[in-house]
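Asks: Sequence and predicted structure, then a few things I'm wondering about:
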Amino acid sequence: GCNCTASSRVASIHEAHGRYMEAKEETLEDQETGGNHCVDRHGVRLVEDMDPGSKPAMDEYLFNIDDEEAIHGAKREEEKVAFVFTVHGAIPYFTGALETLMQHTAPKPGQRFKVFVADDCEVQEESTALEEALKIVTWEWKVISMGMKRVGYTKSVNAGLKAAWGENFDILVTINSDVVFTPNWLEPLVAALKSSHDIGMSGPIGNAASYQSVPELYSTSGTWHKNPLPKGLIANDMSKLAFLVSKCNLISVPILNGFLMAIHRRALQEIGWMNEDLFPLGYGEENDFAFRLKAAGFRLVVNPMSYIYHHKTKSFSNQERMVLAKEAKQVIAQHMGAELANAERRLQSCKALSELREEFADHLKSMHQHSKTRFSVLFILNPMPKSLRFQMRGGWISVVQEALGLIHAGAQAQVAVQAWTKPAFEENFPEASKHGVFLGYQSTHTDQVVMELLQLRVAFDFLVATHHTTVPVVLKMGGIYPNSVKGYYVQDIEENFQYNRGTQAASTFSSLKDGFVFAKTRFLVHQLKNNYNVSAHLIPPTLDLALFSKGDAKLQRVNTKEGIMHICAMVRTLTARRNPLQTLEILSAIQKDLGSEKIQVSIFGSSTQEILRILRRKGKSVGLLQDITVLGPIDRQQVADLFDTCTFFLDFSAWQAFGRSGLEAMAMGCIPILPITGGVETYAEDGVNALLVNTTRIENGISAIKDLISGKYNLQEMRTSALLSSKKYNISESGQLTANLFQKSMNNGQQPGNMSAQLKSAFAKARISGK
């Protein structure tokens, strides 16, 4: 019946190429037509010696290869694709079809395209307009005139097929003249034909394509549904949705709708042209052709990754169609009635097509929010149990700001967060909240998180993990949306964190190495490449300059002769790599050495109780907190206000993958002291806008602070430099650069904007059990 392979999933880009080449070399286990006047694109009249009513003399049109090559596909230097249109009037729609064909179809290296048009128009004005319309075609084209008396579809399409056959074209695509082409429509159909030697014909899905229609099959009156485009959406939106929700690579079917069919040369070699003796005007010829293909051992497939919009009833009116259909009905009943009835029963019960229509309908509503955007992205933040106190993390801030930057650049971006934390995110990021960025999920278990996100019924172009715990979520969602790009925004080398998940964290890097991996510092990019052999893209950091924006005012009010210095630091007792005890020891030593009349010290990130607890546990004196103001956990606005009052900010972490607080301090005119190990070199330059220290020894931190206080450095110049540096990373400009990188990945085949990588993988793995 109608079958699709459950295992036909999009694999890794590199793996795909190998499998694709293998598929070309092996045979899979499954295994009927006038002096026509022609005009080439330069206006030269040609005459073809072909009788439209005769059985094709195939030998006249073969390549210089043997019959075995003709049947099974020869290895040629050039792949030639012919687009065969039949035009019976309705020239404005034909013009529109040509415009979208040129917009969404481009030959790749090694491909040659040509348009063949069978002109079955009844008046000269229409024929003249037809040739005028063809001037927008930038490839070769040829018009075959059928005379001024309509001969009908079948004779016309055969004339076009014969002309293309005579020029040795490999793949011949028959096309109704009232279609609208969409991005990436052709490659899935061609790839399907090339995936197995016994596939003779492939077809797309569409709005008005009988059993290939989505999302609805029948109208309320019981006739075929035309599925008009929903308000606000265009055919391209339907194309993207079809690609994203496709679960199967190929669906084996007994017949195809004739509005657009891609036919391999080997199929014509075996069975000949469409049957114009029985069906001269159409209405039945494609079914007859399909049954003859099947009898010759070929299979027909629908590729749901290809979507074509069909205006329908433009060349022939509804009344004309009814007359033609009635005339053909008796012929159909006599010659293939039982076979056609059986084929329709199989299509009506086709589970793959039924599920595709359901998925399409379920996801259609979400297309409205994505239709006007460049692409859509879902970032997934790591689950956070309620037992843990909520505290905004630097990595989370980065993700939200990247999402906002992408939105500013014309993309659609959303961030999935633990539901109980969503109010805090919305409070901290009002602009993101206004854009509906945050999606909440309840569970902390991978499978349940996946189910919750799937219930949203939204298909995203990119599914992006942001933590090693969300990589499994992305991988499992990728199984449901195999054509969404699976990405990983690497925030840190989590294997180095001091908990029992180092091995798990390390394995996640390789899990998505063939997807779209990116990071915001060269440090992380190098770590991923050198230690895990994972290539990552570099994106620019983002900084909320609307919040961290008082640095210029601070320059005006701070004289070159400093008064009481104010130093602050983040002390997070639950994060060992942040060196909380060493940070306290440095601050205590500076406080005791200079006294409160020269310096004020404030810390944030942990409560007094948490700090006292770790001091006692480590056998340290609680006196380390003497004359130090403990602010505890504070929100982003409070951090900005603190930096505005401070002269210096100390981050004595063992390393910083990025060190957001350092950049935020610089934007507020607060000079940071940062670890030399890690990614702070992205924005910090030692002795110019910050001091970078080796944090393995406490003495280095004390010495750096004393150097700043002693006058060794011109603090006003450092503040000025820090402010200039921080302004490079505003959300909108960084977001545009990041969006361009996402777009580039699309054009390189890592995303639906250009599907080549996914398609190669899909068809390399396709094993269809169609009967």
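Replies: Looks like it came in fine.

Asks: Phi, psi for L378 please.
Replies: phi -120, psi 110 (degrees, to the nearest 10).

Asks: With the one 10 residues further on instead?
Replies: For L388, the backbone dihedrals (degrees, to the nearest 10) come out as phi -90, psi 140.

Asks: any idea of the pLDDT on it?
Replies: Looking at L388, its pLDDT reads 71.

Asks: Ok, the one 5 residues further on next?
Replies: Looking at R393, its pLDDT reads 87.

Asks: Stretch 607-624: end-to-end distance?
Replies: 15 Å (CA to CA, to the nearest Å).

Asks: per-residue confidence averaged over it?
Replies: Average pLDDT, stretch 607-624: 93.

Asks: Can you get me the centre-to-centre distance for it and its chain?
Replies: Distance of stretch 607-624 from its chain centroid, counting by CA atoms, centre = their mean, to the nearest Å, is 49 Å.

Asks: buried ones in it?
Replies: 610-612, 614-615, 620, 624 (16 or more other CB atoms under 10 Å). All C-beta spots, glycine's among them, are computed from the backbone N, C-alpha and C.

Asks: so of those, which ones are in helices?
Replies: Using DSSP state H, the members of the buried residues of stretch 607-624 that fall in helices are 610-612, 614-615.

Asks: okay, the residues you listed in TSV with distance to S511 next?
Replies: Compiled in TSV, these are given as follows (distance: CB to CB, whole Å):
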residue	distance to S511
E610	35
I611	38
L612	41
I614	35
L615	40
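
Asks: pLDDT-wise, which helix or strand of this protein ranks last?
Replies: Sorted by mean pLDDT, DSSP states H and E, the helices and strands of the chain end with strand 45-48, the least confident at a mean of 30.

Asks: of the ones in helices among the buried residues of stretch 607-624, closest to I603?
Replies: Among these, I611 lies closest to I603 (CB to CB), at 8.0 Å.

Asks: Help me confirm that the closest one comes into contact with L584.
Replies: Yes. Taking contacts as CB atoms under 8 Å, I611 lies within contact range of L584: 7.4 Å.

Asks: Between these two, which contacts overlap?
Replies: Common contact partners of I611 and L584 (CB atoms under 8 Å, 6 or more residues apart in numbering): 571, 603, 625.

Asks: Of the residues you listed, which is the nearest to D635?
Replies: Closest to D635, out of all of the shared contacts of I611 and L584 and judged by CB to CB, is I603, at 15.8 Å.

Asks: hang on, isn't the closest one packed against S588?
Replies: No. Here I603 does not reach S588: they are 10.6 Å apart, not a contact under CB under 8 Å.

Asks: For those two, indicate the residue with more neighbours.
Replies: Taking neighbours as other CB atoms under 10 Å, I603 and S588 compare with I603 leading, 24 against 19.

Asks: which element is T583 on?
Replies: Taking DSSP states H and E as the definition, T583 sits inside helix 580-594.

Asks: what's the following helix or strand after that helix?
Replies: Downstream of helix 580-594, the first helix or strand assigned by DSSP H and E is strand 599-604.

Asks: okay, the shared contacts of I611 and L584 in JSON lines with distance to E426 next?
Replies: Formatted as JSON lines, the entries for these read as follows, by distance: CB to CB, whole Å:
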{"residue": "V571", "distance to E426": "28"}
{"residue": "I603", "distance to E426": "28"}
{"residue": "L625", "distance to E426": "34"}
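
Asks: Can you point out the buried residues in the helix or strand harbouring M477?
Replies: Per DSSP H and E, M477 falls inside helix 471-480. Within helix 471-480, the residues that count as buried by 16+ other CB under 10 Å are 471-478.

Asks: mind listing what the residue lying farthest from the centre of the chain touches?
Replies: Outermost residue of the chain with respect to the C-alpha centroid, by CA atoms, centre = their mean, is E597; its distance is 58.5 Å. Neighbouring residues of E597 by CB under 8 Å, 6+ apart: I564.

Asks: Let me see the contact set for the closest residue to I611 other than its chain neighbours.
Replies: Of all residues beyond its chain neighbours, the one nearest I611 is T573 (6.0 Å), with distances taken as CB to CB, 6 or more residues apart in numbering. Counting by CB under 8 Å, 6+ apart, T573 touches 580, 606, 610-611, 613-614.

Asks: 6 Å instead, please
Replies: By CB atoms under 6 Å, 6 or more residues apart in numbering, the contact list for T573 reads 580, 606, 610, 614.

Asks: mind checking how far the spatially closest residue to the third one that is not a sequence neighbour is from A657?
Replies: In space, and not counting its chain neighbours, E610 is closest to T573: 4.8 Å by CB to CB, 6+ apart. For T573, the distance to A657 under the criterion CB to CB, to the nearest Å works out to 20 Å.

Asks: about what we covered before: quick one: buried residues of the helix holding T583?
Replies: Buried, per 16+ other CB under 10 Å, within helix 580-594: 580-591, 594.

Asks: and which of the residues you listed is nearest L356?
Replies: Looking across those and measuring by CB to CB, the closest to L356 is P580, at 54.8 Å.

Asks: Dihedrals phi and psi, the residue nearest to I611?
Replies: phi -70, psi -20.

Asks: now do the one 3 residues further on
Replies: Note on A576: its backbone torsions stand at phi -60, psi -40 [degrees, to the nearest 10].

Asks: Neighbours of it, how many?
Replies: Neighbours of A576 using other CB under 10 Å come to 14.

Asks: where does the stretch 201-350 of the chain have low pLDDT?
Replies: Where the stretch 201-350 of the chain drops to pLDDT under 70, the residues are 248, 313-328.

Asks: Need the distance between the two termini of stretch 229-243.
Replies: Start-to-end, stretch 229-243 (CA to CA) is 17 Å.

Asks: Show me what counts as buried in it.
Replies: So, applying 16+ other CB under 10 Å, buried residues of stretch 229-243: 233, 235-243.

Asks: Let's have those in CSV, adding distance to L404.
Replies: Formatted as CSV, the buried residues of stretch 229-243 follow (distance: CB to CB, whole Å):
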residue, distance to L404
L233, 25
A235, 30
N236, 25
D237, 24
M238, 29
S239, 28
K240, 23
L241, 25
A242, 29
F243, 27
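
Asks: So which of these are in helices?
Replies: Counting by DSSP H, the buried residues of stretch 229-243 contribute 235-243 to helices.

Asks: I'd guess H197 is in a strand, am I close?
Replies: No. With DSSP: H, G, I helix; E, B strand; the rest coil as the criterion, H197 is assigned coil and is not in a strand.

Asks: By residue count, tell me the biggest strand in the protein.
Replies: What stands out as the longest strand in the chain, according to DSSP state E, is strand 299-310.

Asks: Not counting its own residues, what contacts that one?
Replies: 179-180, 182, 185, 188-189, 192, 198-199, 201-208, 212, 235, 238-239, 242-243, 246, 250-253, 256, 259-260, 290, 356, 770.

Asks: which non-adjacent residue is nearest G203?
Replies: L256 (4.1 Å).

Asks: do you know how far that neighbour is from A667?
Replies: 61 Å.

Asks: Do you know the pLDDT at the residue nearest to E610?
Replies: pLDDT, T573: 92.

Asks: Same check on the one 5 residues further on?
Replies: Residue-level confidence at R578 comes out at 92, pLDDT.

Asks: in terms of contact, does it touch F652 like I think?
Replies: No. With contact defined as CB atoms under 6 Å, R578 does not count as touching F652 (7.9 Å).

Asks: who has more neighbours, the two?
Replies: Counted by other CB under 10 Å, R578 and F652 do not tie: F652 has more neighbours, with 26 against 23.

Asks: hang on, isn't that one packed against G701?
Replies: Yes. F652 lies in contact with G701 (CB under 6 Å); the separation is 5.2 Å.

Asks: Strands of the stretch 401-550 of the chain, start to end?
Replies: Ranges of strands in the stretch 401-550 of the chain, per DSSP state E, counting those that start in this stretch, are 412-418, 438-441, 462-465, 485-489, 516-519, 537-538.

Asks: Throw these into CSV and include mean pLDDT and distance to N730, thanks.
Replies: Converted to CSV, those look like this (pLDDT from 0 to 100; distance: least, CB to CB, whole Å):
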stretch, mean pLDDT, distance to N730
strand 412-418, 96, 17
strand 438-441, 96, 22
strand 462-465, 96, 22
strand 485-489, 93, 19
strand 516-519, 94, 19
strand 537-538, 96, 18
